[in-house]
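Asker: model the structure of this input:
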Amino acid sequence: MSLKPLAVALLFAAAPVYAADYVQAPGSSLTFATKYQGEVFSGRLPGFTSKISFDPVRLDTSRFDVIIPLAGADTKNAERDDTLKGADFFSIAKFPTARFAATKVRSLGGNNYAADGSLSLRGVSKPVTLTFTWTPGPKPVLSGKATVKRLDFGVGGGDWADTSVIPNEVAVSTKLNLVPAK
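Answerer: Predicted coordinates for the structure are as follows:
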């Protein structure tokens, strides 16, 4: 082997490896569930966009960036949806989007991971961890869950702050169908 091919081979071997970049594909979902006066209800947040950098072998290069428009919040109950969009809850006139950004991903064993990030909602940013499974392939799937404490973000404050009426914890779930970013 001549020195030139050997030098090229060593250069590529020493080059840093970065996570693969993905964007969400159709069929992805973002949902939430909680209770109102003991009755469970759920909703969806359509129109969100995700940009994911992820490599199970190089978790230190992984990144998540999810933008969530709140105006489309849909619980299949028009009165509740209008209330959620109003000043007492999401306050979409002032804060039309939420954002989840994670720069630390860790392995929980097998295909299970945790993305430690920050959720920005209603002008407040707080740590939130998304636990997820990763199904690899040419079109990988990320299925995740997180718990958000709504009162930490001022969601449902004032008369709605009573946790016997609406619990503080809101379950958030996502399924991201992903394709390589171009």
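Asker: the helices in this protein, which residues?
Answerer: Ranges of helices within the chain are 3-14, 78-85, based on DSSP state H.
Asker: show the end-to-end separation of stretch 155-163, please.
Answerer: End-to-end distance of stretch 155-163 (C-alpha to C-alpha, to the nearest Å): 12 Å.
Asker: cool, stretch 71-88 as well?
Answerer: End to end - C-alpha to C-alpha - stretch 71-88 spans 14 Å.
Asker: ok, back up a step: least reliable of the helices of the chain going by mean pLDDT?
Answerer: Lowest mean pLDDT within the helices of the chain: helix 3-14, at a mean of 40.
Asker: how far off centre is stretch 129-148?
Answerer: Taking the mean of its C-alpha atoms, stretch 129-148 sits 9 Å from the chain's own mean (C-alpha atoms, centre = their mean, to the nearest Å).
Asker: which other residues reach it?
Answerer: 22, 25, 32, 52, 54, 56, 64, 100, 102, 108, 111-117, 119, 121, 128, 169-179 (C-beta atoms under 8 Å, 6 or more residues apart in numbering). From N, CA and C alone the C-beta is placed, and that goes for glycine too.
Asker: give me the buried positions along stretch 95-104.
Answerer: Neighbour counts using 16 or more other C-beta atoms under 10 Å place 95, 97-98, 100-102 of stretch 95-104 among the buried residues.
Asker: gap between it and the chain center?
Answerer: Taking mean C-alpha positions (C-alpha atoms, centre = their mean), stretch 95-104 and its chain are 7 Å apart.
Asker: for it, what is the average pLDDT?
Answerer: Stretch 95-104 comes out at a mean pLDDT of 97.
Asker: kindly format the C-alpha coordinates of it as PDB.
Answerer: In PDB, the C-alpha atoms belonging to stretch 95-104 read as follows (Å, rounded to 0.1, in the frame of the first residue of the first chain):
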ATOM      1  CA  PHE A  95     -47.500  32.500  22.700                       C
ATOM      2  CA  PRO A  96     -48.500  30.800  19.400                       C
ATOM      3  CA  THR A  97     -45.900  28.000  19.600                       C
ATOM      4  CA  ALA A  98     -44.100  25.700  22.000                       C
ATOM      5  CA  ARG A  99     -40.700  24.200  21.400                       C
ATOM      6  CA  PHE A 100     -38.800  21.200  22.700                       C
ATOM      7  CA  ALA A 101     -35.100  21.200  22.200                       C
ATOM      8  CA  ALA A 102     -32.800  18.500  23.500                       C
ATOM      9  CA  THR A 103     -29.000  18.300  23.200                       C
ATOM     10  CA  LYS A 104     -28.400  15.400  25.600                       C
END
